[in-house]
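Engineer: what's the 3D shape of this:
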Amino acid sequence: MAKVTFCQEMYFPLQSTQALSAFLKRDGHEVDLAIGSKEEISQYLKETQPDLIGFSVLTAYRNHMLETTQAIKEAGITAPIIAGGYDITFMPQILEHSDLDMICVGDGGNPLTELVDALDKGSDFRELTIENLHIKKADGTIQKNAMRYWSNDLDEAPFDDRDLYRDKDDFFKTIPFTQVLAGRGCPYPCTYCFNHGYKAIHVKNGMKPKEYTNFRSVNHVIAELKILSEKYDAKDFFFNDSTLTWNKKWILEFCEKYKASGLKQTFCINAVIPELKEEVCAALADTGKCRLIRFGLETGNEKFRIKTLRKNITNEQMVEGVERMDRHGLRYSMQMMLGLPGETMDFAWDTINMARKITRKKSAHGINIFKPFPGLEINNIGLELGEYQASDVSSPGSVPPPTWRQESLVDDGAGPAASVMLPADEAYQVSRASMHKTGNVQDEATQKNQQAALAGETVFGRTKMVFFDNYRRDRLGLKILHLSRYSHLLIRFPQLRPIVEKIIEMPDNWFSRLTWKLTEGWLNIRVHAGAPLSYFVQYLLFHRAKKLR
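Structural biologist: Okay, here's the model as predicted:
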């Protein structure tokens, strides 16, 4: 039996880590967690001496992983270190330029189990040829093993290991919702979503396109929900699937069996508006337990949504879908983005106005400041327009294509890029001096930053940046970013527009960021996560020192 320790910075139960732990425990291995700063993790690993150290990497915490792996090596800890996740899959060059020993691209359950089985038998990890693993040899060269993809029968996988977090710290027992994945993938080609690029990687390596998106059987999902109810006293099921309603037959069966199961927990789901037909809305409402439906408005400008985001849904369909949910008494939250590449100020106001149009008394909204995460097709538009700096979106594939959908942008007579104001002005530099390491800097600093970007250690890998920035480097992008700070208020209180229009002419500032943090944070925790007031009380009394996601 080998011991694996997963490391992370924040107190949040990662579904990927729970899934990997379940695979390892099924094979009889021991799994542990180390949570905290690089110093705290290094000390814990020194004391516990695992056989393998793992990181499931979210982009916002990439820098923490890189700094921690360096600290682990400097502490003389000899256990090999492996990292995986979407972020790693999209930028595998990180292995060559970091202290990592291995990375896993794509699915990690079976590859990781095979690796730990081999380590348990005394094998040298550098000599292994396990699919999905890229391994750094003793001489620094990289061995890229072939890639596999997940099984079509998702019922074969074990249920996520919930005990890993709950046994680690009592805080994890206070979280008001329980994350669940009913399937994998997404059938839509949206340019702003990782699924499009992630699917392309798998198809290139032999997966049939139709195999990318599938569900577990309804019975398998219901069985897991019953365990979560009976063993863990779950209060609310938070389905993280990109859309739970794309397969009409599946969702109707799920609603029927959920109601018959006797489960008393509420649940919330993601959906796409055209999927929410009358029959589906009726079935969700009939369960009596559908707490919230989250759907993507994305942008209020219909042409921009269809042409650039490749989300083929009209504003009329949005209105009709909302009316259907209203008729059935279903609460919903519209998800939207501001600060997209190529987005104009008119487009941004279109989003706020459209959200207001379909906002009802019981509805909510989730506003995301768009970030050009590695692997997104839409990043190329920002690069083509000069709105992004390449080192900020460093990733294989982040190269402007020879052509792009220019017809999706407003043409003011001088070409679609004419409304983009370059270069960035002094106000931009002042407002972001403390946030960016890149921009108008000296040659030596620029070179150092580019080297860091190659290793994946960029401003993009910090939680503060992911929460506050849209990474556009043009004046218009900064102005839209400033507008986003007040977007929640503007949807509910349109009379504030004249005041906000004056505010956003000034540089972004601490007050605007605080306004954003309070309004977005409150809606995310109180509405989307369904957190009761008792959760906030428990956190403030017993857990406020813990770093949350």
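Engineer: same for whichever strand in the chain runs longest, what does it pack against?
Structural biologist: For the chain, the strand with the greatest residue count under DSSP state E is strand 290-298. Applying 3 or more CB pairs under 8 Å, 6 or more residues apart in numbering; DSSP states H and E, we find strand 290-298 packed against strand 266-271, helix 315-327, strand 332-338, helix 345-357. (Each C-beta comes from the backbone N, C-alpha and C, glycine too.)
Engineer: all strands for the stretch 51-200 of the chain, in order.
Structural biologist: Remark: strands assigned in the stretch 51-200 of the chain by DSSP state E, counting those that start in this stretch are 52-56, 81-84, 102-104, 133-136, 142-144, 178-180, 183-184.
Engineer: In JSON lines, list the ones you listed along with distance to S363, mean pLDDT and mean neighbour count.
Structural biologist: Formatted as JSON lines, those follow (distance: least, CB to CB, whole Å; pLDDT from 0 to 100; neighbours: other CB atoms under 10 Å):
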{"stretch": "strand 52-56", "distance to S363": "33", "mean pLDDT": "97", "mean neighbour count": "25"}
{"stretch": "strand 81-84", "distance to S363": "37", "mean pLDDT": "96", "mean neighbour count": "25"}
{"stretch": "strand 102-104", "distance to S363": "40", "mean pLDDT": "96", "mean neighbour count": "27"}
{"stretch": "strand 133-136", "distance to S363": "45", "mean pLDDT": "96", "mean neighbour count": "22"}
{"stretch": "strand 142-144", "distance to S363": "47", "mean pLDDT": "95", "mean neighbour count": "13"}
{"stretch": "strand 178-180", "distance to S363": "23", "mean pLDDT": "95", "mean neighbour count": "20"}
{"stretch": "strand 183-184", "distance to S363": "26", "mean pLDDT": "94", "mean neighbour count": "20"}
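Engineer: and the residue nearest to K136 when sequence neighbours are not counted, how many residues sit next to it?
Structural biologist: Leaving aside its chain neighbours, K136 sits nearest to D101 (5.5 Å; criterion: CB to CB, 6 or more residues apart in numbering). Neighbour count for D101, taken as other CB atoms under 10 Å: 20.
Engineer: how close does D101 sit to G54?
Structural biologist: According to CB to CB, to the nearest Å, D101 stands 11 Å off from G54.
Engineer: which residues do those two both contact?
Structural biologist: Counting by CB atoms under 8 Å, 6 or more residues apart in numbering, the shared contacts of D101 and G54 are I81, I82.
Engineer: how does the protein divide up, domain by domain?
Structural biologist: For the chain, automatic domain parsing gives the domain ranges 3-155, 175-439+451-534.
Engineer: so where is the stretch 301-450 of the chain shaky, pLDDT-wise?
Structural biologist: Within the stretch 301-450 of the chain, the stretches with pLDDT under 70 are 390-450.
Engineer: what are the ranges of the helices in it?
Structural biologist: 302-307, 315-327, 345-357, 379-385, 426-432, 443-454 (DSSP state H, counting those that start in this stretch).
Engineer: list the helices and strands the shortest one packs on?
Structural biologist: Taking 3+ CB pairs under 8 Å, 6+ apart as contact, there are no helices or strands that helix 302-307 lies on.
Engineer: Can you list the buried residues in it?
Structural biologist: E302, F304, R305, I306, K307 (16 or more other CB atoms under 10 Å).
Engineer: and of these, the nearest to A118?
Structural biologist: R305 (48.0 Å; CB to CB).
Engineer: need the contact list for the closest one.
Structural biologist: With CB under 8 Å, 6+ apart, R305 has these contacts: E298, T299, K311, I313.
Engineer: Can I get these in a markdown table including neighbour count and distance to D155?
Structural biologist: Shown next, in a markdown table, are those (neighbours: other CB atoms under 10 Å; distance: CB to CB, whole Å):
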| residue | neighbour count | distance to D155 |
| --- | --- | --- |
| E298 | 24 | 33 |
| T299 | 25 | 37 |
| K311 | 22 | 31 |
| I313 | 20 | 32 |
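Engineer: Out of the residues you listed, flag the one nearest to S42.
Structural biologist: E298 (41.4 Å).
Engineer: So in terms of bridging, what pairs with that closest one?
Structural biologist: Using DSSP bridges, the beta-bridge partners of E298 come out as M336.
Engineer: Surely it is in contact with L338?
Structural biologist: No: in terms of CB atoms under 8 Å, E298 does not count as a neighbour of L338; the distance is 10.2 Å.
Engineer: so how far is stretch 298-313 from its chain's centroid?
Structural biologist: Distance, stretch centre to chain centre, for stretch 298-313: 20 Å (CA atoms, centre = their mean, to the nearest Å).
Engineer: just stretch 480-494 next, same as before
Structural biologist: On CA atoms, centre = their mean, the centre of stretch 480-494 falls 23 Å from that of its chain.
Engineer: buried set for it?
Structural biologist: I480, L481, H482, L483, S484, R485, Y486, S487, H488, L489, L490, I491.
Engineer: And stretch 288-295, by the same measure?
Structural biologist: For stretch 288-295, by 16+ other CB under 10 Å, it's K289, C290, R291, L292, I293, R294, F295.
Engineer: what's the answer for stretch 268-282, then?
Structural biologist: Applying 16+ other CB under 10 Å to stretch 268-282 flags C268, I269, N270, A271, V272, I273, P274, E275, L276, V280, C281 as buried.
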